Every structure is written in C-alpha cells, then in structure tokens.
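A.B. asks: Need coordinates for the following:
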Amino acid sequence: MIDFANLRGQWEKTLRVERGYTLVDVELPECYVGYDEQLRRTLLILSDVESKIPASSRSVEIRQRRRRDGKFSLTLTLLCEEESAVFTEMCRDLLTFAEEARDESSALKKFWQRYAHWQKLFAAATNDLLSDERQRGLIGELIFLREQLQNGREPLEAIDGWVGPLKEPQDFSYGEMWHEIKTVMEQAEKIRVASLEQLSLARRGELVVYRLAKSLRADGFTLNSLVKNLSELLAKKLVAAEKFKALLFAAGYVRRAEYGEKFYRLAETMRFAVDENFPRLTRDNLPPAIVEASYSLSLRGLKEVELNGR
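C.D. replies: Numbers count the residues shown, from 1 in each chain. Modelled structure (predicted):
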C-alpha cells in the first residue's frame, strides 16, 4: 500500500519547476508526481492504452494526450493548492486501488472506478450538508481519535488508524485490534449495525458507544469545535495534520457555519469487547442464502450481557 507521508514527501522533494516530475514506486500504472507548466501539483500517468476519462471538476483538471512515442499521457492537476492534502490522499487511494490489477488496462479501469467515488465526495462536500446522524457519527469518531492522541498514541499512527472515511467496514484499526464507533443521543435504546462485516473480523475488536446529550453553549462542543481542537493537537505534526484534513474531507466534512450551531456534551461512554461471545450476526452463523444484512442491537441488552459476564 502506498503511504500518504511518503507520497507527500515525494511531491515536496520534487523540484517545483515547469514539468518537473519524479517516478512513483508502484507496479501499475507507470506514474509520476510533480508540477505542470503552470507549476500546479499534478499526477502524471503514462499508458499504452487510451482511457475514457471523466470530465474535469472545479478542483481537479483531467487531460489525456497522445505523445510522439505512441503512449498516452494522463494528468490529474490540482486547481487549488489549499486542497493539496485532499489531493494527495486521493492520489494515494487511487494508486493503491489500481495496484491490485493484473495488467495496465485493468489498472486504469480500477483507477477511474475509484475516481468516480472521489468525485461524489467532492460534490457532496461542496453541496450537501451532513445529516444529523452523519454529524453525530463523525463526532464520535473524532472523540475516539482525540482519546488516542491524549492517551499517548503517536499522531501519525493515530491518524493512519482512522480507516472509516476510506470505506473500510470498521472505523479504526491499530495493529491486531479494531474499533467500531457508534454515536447516539442519550435517550437512544439501540444502535444499528450496517453490515455483516462491521462486527465480524476474526481478530480482536471493540465496540465503543458514545451517548451525547444536548448542551448549553458555555460547556458544550460542536462538530466544528472538535475539528478545531484536533487540528490544534496536530498542529506541530505536519504530515499527520495534512492527512487529518484529507480524511475529514473523505468523511464528507467541509467547515460550515451550520456545524457550529448544535452543542453537545458526552453523557456516557460504553465499551464492549467483540469476541465469540458477543451477540452479533456474521456470515458464519447465518444461512448461506443470506448475503447481506443490517440489524440493531439493544443497548440495555448489551449492558446486561456485560454485567452477566456473557
């Protein structure tokens, strides 16, 4: 897997000159990072096959040219340098996704399939306000991330473990332990498990449930204030801070005034070890004909299971 810090570092080490590029160490496709004729941050891909490319967006310009040697030159160029962290994470994700292919044609197909996902993120972050449920979900993940930093986890390790925005089944993964975060209001009686994969990894896992309560402005926090707090904690760790910005974007967050209007306090934290005794649905305990499922868990029932020692 391509590392965000290394990719960002390679970009920074490349001389910022007209068409200055350096090769990226990936099997497929052949690609370079650098700067175009206007010194804008650019990902360059060379290919023997022509691609059906998507339209450019307000953030990324996409071009394809045929070179004299017969190869096709594909470029993704960032139009706003302020979004360099998001662009770097997007390029890392696209190349990682394409690396799984067997040949160049398949790699490009996977590359553009993944790019369509990022196009939706750009559109959603620009135009759509996160629902209350998604705001609470992000708040819970940020609370957990802050706990990791406050408990002494190294900043880049803490950020790298936040895999939920990249559409992994679980929200956090550190070594041999994964963590799924659920955030509900104080009066909630249940939580929703979105898929069979969410609580079914074979290695050790933890379910963390945060109960939020509405709060007065003076002693509460908002989504915006949580983001600001974490940004300050990461301020002296540039790579971690940049990746944090990119993951926020991948989670659908762009700072908006509306995210600073609802104040909360943390009313309760519940933690459950997810092991062979935890009440959950998995592919192993369902009939083979059931291929997809979501379900709800009673918080009272989970507490009783914990109190009775399962």
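A.B. asks: where along this protein do the helices fall?
C.D. replies: Here the chain has its helices, by DSSP state H, at 4-13, 84-98, 104-127, 132-150, 155-160, 223-233, 238-250, 299-307.
A.B. asks: Who are the packing partners of the fourth one?
C.D. replies: Helix 132-150 sits against helix 155-160, strand 172-174, strand 177-185, strand 205-214, helix 223-233, with contacts defined as 3 or more C-beta pairs under 8 Å, 6 or more residues apart in numbering; DSSP states H and E. (C-beta placed from N, C-alpha, C; glycine too.)
A.B. asks: ok, now with 10 Å
C.D. replies: helix 155-160, strand 172-174, strand 177-185, strand 205-214, helix 223-233, helix 238-250, strand 264-274 (3 or more C-beta pairs under 10 Å, 6 or more residues apart in numbering; DSSP states H and E).
A.B. asks: could the ones you listed be laid out in CSV, adding mean neighbour count and distance to S294?
C.D. replies: Formatted as CSV, the helices and strands packed on helix 132-150 follow (neighbours: other C-beta atoms under 10 Å; distance: least, C-beta to C-beta, whole Å):
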stretch, mean neighbour count, distance to S294
helix 155-160, 20, 28
strand 172-174, 19, 20
strand 177-185, 20, 13
strand 205-214, 19, 15
helix 223-233, 17, 25
helix 238-250, 21, 22
strand 264-274, 16, 16
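A.B. asks: mean pLDDT for those: which is lowest?
C.D. replies: Here the helices and strands packed on helix 132-150 differ in mean pLDDT, and the lowest is helix 238-250 at a mean of 89.
A.B. asks: Taking the centroid of the protein, which residue is nearest it?
C.D. replies: P165 (2.5 Å; C-alpha atoms, centre = their mean).
A.B. asks: distance of it from A123?
C.D. replies: According to C-beta to C-beta, to the nearest Å, P165 and A123 sit 16 Å apart.
A.B. asks: Figure out which of the helices and strands packed on helix 132-150 is closest to L44.
C.D. replies: helix 238-250 (20.3 Å; C-beta to C-beta).
A.B. asks: Against which helices or strands is the closest one packed?
C.D. replies: helix 4-13, helix 84-98, helix 104-127, helix 132-150, helix 155-160, helix 223-233.
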